[in-house]
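Peer 1: Below are the sequence and a predicted model; questions follow.
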Amino acid sequence: MTKNFVVAILAGVILVTGSPAAEQDWPQWRGPTRDGVVAVEGVPDRWPLSLRAAWTVEIGEGYGSPVVANGRAFTLSRQDPREVVTAIDLSAGTVVWRQSYESAFEKNQYAVSMAKGPHATPLVSDGRVFTVGVAGIVYAWSAEDGAVLWRRDFSDIFDSSVLFAGTAASPLLADGMLVIQVGSDVQGGRIVALDPASGDERWTWRGPGPGYASPGLMEVDGVSHLVATTQESIVALDPRTGTLLWAIPFPDEWHENIVTPVWTGTELVMSGQRQGTHAYHLRQDRGAWRWTETWSNPDVTLYMSTPVLADGVLYGLSSKRLGQFVALDVMTGAVTWSSEGREGEHAVALLTPEHVVLLTNNAELTVARRNATTFEIERRYEVSDSQTWAVPVLLGRDLLIRDETHLVLLTPG
């Protein structure tokens, strides 16, 4: 990988200030609140004219994003046939510790252009780093020195190669428990709650094979819901017990439910490559949960990209027109603006107080104004010479990017 990063397309003021990278935490998939929202201290006062690499560390293949805690970045990757966990000092770009373990995996024969994973983003909490490998091997590591705290192996309960790309769901902390999702199209799926300290099982829900989305938490009428996707549905569980609260059918012929559903406060929005985008209203009725579809838009297909929510609008990437940035009114499902297209196969969306940040798999980072009616680009950068599928991490003046094989800290310059 070279360090020749391209200058931003639009001119502007060079001055950038912000908190040092080491002061920012990004402990799980899509950030502290798991919704792609970046706090004000994680955002530069002004976006710079250009970015350069402060340091680069080779970590191996994979699609999970880096996480950050206490001045360190943690990644899960593959150096075949092993999966590798790496802790990196953010200030110096030096490897603090590195652990690896055997993880044989044969991906689906039709996934010709994809790496063998892993796909799940680690989670850091209470001095522990939790990782979920592509074959369903779960570890808890000491964040300080990489010591193994416990291990659970779910690879023997399902054939992970039956899934197109193996286990993909990122772990979640819910009601004091570590929640993971494993399984396959053939053997069925499990959502499992583990004790974070010991790895002991607290509850297990069995159902259809998993989708490729990561579970999340939402509150409806004062009740906590653990929401996940399967190959054929959206399901909600009681996070304390694993009891099924409701299930909404969402079938896909290729079992590619990849987008994590978004709760708007009144509606649950879900999208897929072949299904389009749908909104569902949830309510309690005589002790049971009911759902009704409130709107659908077949022309907006959020294939792999989970959108962000602000201003009554969902911002994301539809697969139409070879990748099209869109803004979608959450009350009606109407498109309020869209880009011309050809943006890419995938885009990660993050939300700052004033901008929507969109990173495509083609390594193009677009900073657009938060605007419900107009697509207005403020900056555009090329951030790598190889593809970028993982969620970037905004660290004040700096930006942490994972490309095909490296972790890179970008800084103004």
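Peer 2: Received the coordinates, thanks.

Peer 1: Leaving out sequence neighbours, find the closest residue to Asp126.
Peer 2: Leaving out its chain neighbours, the residue that sits closest to Asp126 by CB to CB, 6 or more residues apart in numbering is Pro196, at 7.0 Å. Glycine gets a C-beta too; all of them are placed from N, C-alpha and C.

Peer 1: What is the three-state secondary structure of that neighbour?
Peer 2: coil (DSSP: H, G, I helix; E, B strand; the rest coil).

Peer 1: surely Glu378 meets Val367?
Peer 2: Yes: counting by CB atoms under 8 Å, Glu378 touches Val367, with 4.9 Å between them.

Peer 1: Neighbour count: those two, which is higher?
Peer 2: Val367 (20 against 17; other CB atoms under 10 Å).

Peer 1: Quick check: which element contains the closest residue to the more buried one other than its chain neighbours?
Peer 2: Nearest non-adjacent residue to Val367, counting by CB to CB, 6+ apart: Arg379, 4.1 Å away. Using DSSP states H and E, Arg379 falls within strand 377-382.

Peer 1: what's the next secondary structure element after that strand?
Peer 2: Counting by DSSP H and E, what follows strand 377-382 is strand 393-395.

Peer 1: what does that following strand contact?
Peer 2: 18-21, 24, 26, 31, 38, 42-43, 65-68, 73, 90, 350, 352, 357, 399-400, 409 (CB atoms under 8 Å, 6 or more residues apart in numbering).

Peer 1: Give me the buried entries from those.
Peer 2: Buried by 16 or more other CB atoms under 10 Å: 18-19, 21, 24, 26, 31, 38, 42-43, 65-68, 73, 90, 350, 352, 357, 399-400, 409, out of the contacts of strand 393-395.

Peer 1: Now, the residues you listed that are in helices?
Peer 2: Per DSSP state H, helices hold no members of those.

Peer 1: And Val393, how far from Ala120?
Peer 2: 16 Å (CB to CB, to the nearest Å).

Peer 1: ok, which stretches of the stretch 301-413 of the chain are strands?
Peer 2: 308-310, 313-318, 324-329, 335-338, 347-351, 355-360, 364-369, 377-382, 393-395, 398-402, 406-412 (DSSP state E, counting those that start in this stretch).

Peer 1: typo on my end, the stretch 1-150 of the chain
Peer 2: Under DSSP E, counting those that start in this stretch, the stretch 1-150 of the chain gives strands at 51-58, 67-69, 72-79, 82-89, 95-102, 123-125, 128-132, 137-142, 148-153.

Peer 1: What ranges in this protein fall below the confidence cut-off?
Peer 2: 1-23, 110-112, 160-165 (pLDDT under 70).

Peer 1: Looks to me like Val186 is in a helix.
Peer 2: No: Val186 is assigned coil when assessed by three-state DSSP, not a helix.

Peer 1: hang on, Asp156 in a helix?
Peer 2: Yes: assigned with three-state DSSP, Asp156 falls within a helix.

Peer 1: Contacts only, for it.
Peer 2: With CB under 8 Å, 6+ apart, Asp156 has no contacts at all.

Peer 1: Repeat that for Tyr101.
Peer 2: Neighbours of Tyr101 in contact, by CB under 8 Å, 6+ apart: 82-83, 133, 137, 139.

Peer 1: picking that back up, isn't the residue nearest to Asp126 right next to Gly127, touching?
Peer 2: No: Pro196 lies out of contact with Gly127 (CB under 8 Å); the separation is 10.4 Å.

Peer 1: which one of those two has more residues nearby?
Peer 2: Neighbour totals were compared for Pro196 and Gly127, and Pro196 leads with 20 against 12 (other CB under 10 Å).

Peer 1: ok, now which ones touch the more buried one?
Peer 2: Taking CB under 8 Å, 6+ apart, one finds 125-126, 128, 130, 140, 173, 176-178 in contact with Pro196.

Peer 1: separation between Leu90 and Val67?
Peer 2: Taking CB to CB, one finds Leu90 at 12 Å from Val67.

Peer 1: Now the common contact residues for these two.
Peer 2: With CB under 8 Å, 6+ apart, Leu90 and Val67 have common neighbours Ala73.

Peer 1: the strands in the stretch 151-300 of the chain, which residues?
Peer 2: 172-174, 177-184, 188-194, 201-207, 216-220, 223-229, 233-237, 244-249, 262-263, 267-272, 276-285, 288-297.

Peer 1: And the second one, what does it pack against?
Peer 2: I take that to be strand 177-184. Applying 3 or more CB pairs under 8 Å, 6 or more residues apart in numbering; DSSP states H and E, we find strand 177-184 packed against strand 128-132, strand 172-174, strand 188-194.
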